[in-house]
Structures are given as structure tokens and as C-alpha cells.
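Trainee: Sequence and predicted model, in that order:
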Amino acid sequence: MLEFESDNRFYRKPRKTMSLKEIFKQGLRDGYLDPTLKAEVMRICHPDTILSAEDRVYLEQLMGAILTGEIAGLHL
């Protein structure tokens, strides 16, 4: 019998990458950035990366929300 990859217990689906827009909206909804979201922001904003105009807008909104306390940068 053939096994499909999805039936294999060792098969892992590729991780879905999030955009800064999705991270910002989830941060507003949850009120904080969890470590996974913070890691995704760091991946997106790597120094070798050139951000799109939309990403720059959402990064600025995200940073503003963190500075005003609307989104907590750390969840314990």
C-alpha cells in the first residue's frame, strides 16, 4: 500500500509566512506579539531585505502601536 505524504507522521507542511499586514492585524486583535510573530517580523525586516511600500506602512503602524501600548511587544 502506498502512503501519501500527508499520512506520514513525519511529514510537516511548509510553514505559512505572514505579511506585516497580517501580523499587525493579529497583534491588534490579540493585544500582543507572541514569539512566533516577533520572529516573523525579524525575518521580514532582515537587513538584506528591501521592504515594499505596503510593508513599510504596516511596519510603521506596528511600531507605533507598540510604542503607544496598543500592542504589547512581549507576552509572558
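Mentor: Received, thanks.

Trainee: Can you give me the end-to-end span of stretch 43-50?
Mentor: Length of stretch 43-50, first residue to last, CA to CA, to the nearest Å: 12 Å.

Trainee: Flag every buried residue along that stretch.
Mentor: Along stretch 43-50, these residues count as buried under the neighbour rule (16 or more other CB atoms under 10 Å): Ile44. Using the backbone N, CA and C atoms, a C-beta is placed for each residue, glycine as well.

Trainee: Show me what it is in contact with.
Mentor: Here stretch 43-50 makes contact (CB atoms under 8 Å, 6 or more residues apart in numbering) with Thr17, Ser19, Leu20, Leu51, Asp55, Leu59.

Trainee: With neighbour count as added columns, please give these in CSV.
Mentor: Formatted as CSV, the contacts of stretch 43-50 follow (neighbours: other CB atoms under 10 Å):
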residue, neighbour count
Thr17, 9
Ser19, 14
Leu20, 22
Leu51, 13
Asp55, 16
Leu59, 18
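
Trainee: Restricted to helices, list these.
Mentor: Leu20, Asp55, Leu59 (DSSP state H).

Trainee: Next one: His46 from Thr68, what distance?
Mentor: 26 Å (CB to CB, to the nearest Å).

Trainee: Which parts of the worst-scoring helix or strand of the chain on mean pLDDT count as buried, going by neighbours?
Mentor: Ranked by mean pLDDT, DSSP states H and E, the weakest helix or strand in the chain is helix 35-44, scoring a mean of 92. Neighbour counts over helix 35-44 (16+ other CB under 10 Å) mark Leu37, Lys38, Glu40, Val41, Ile44 as buried.
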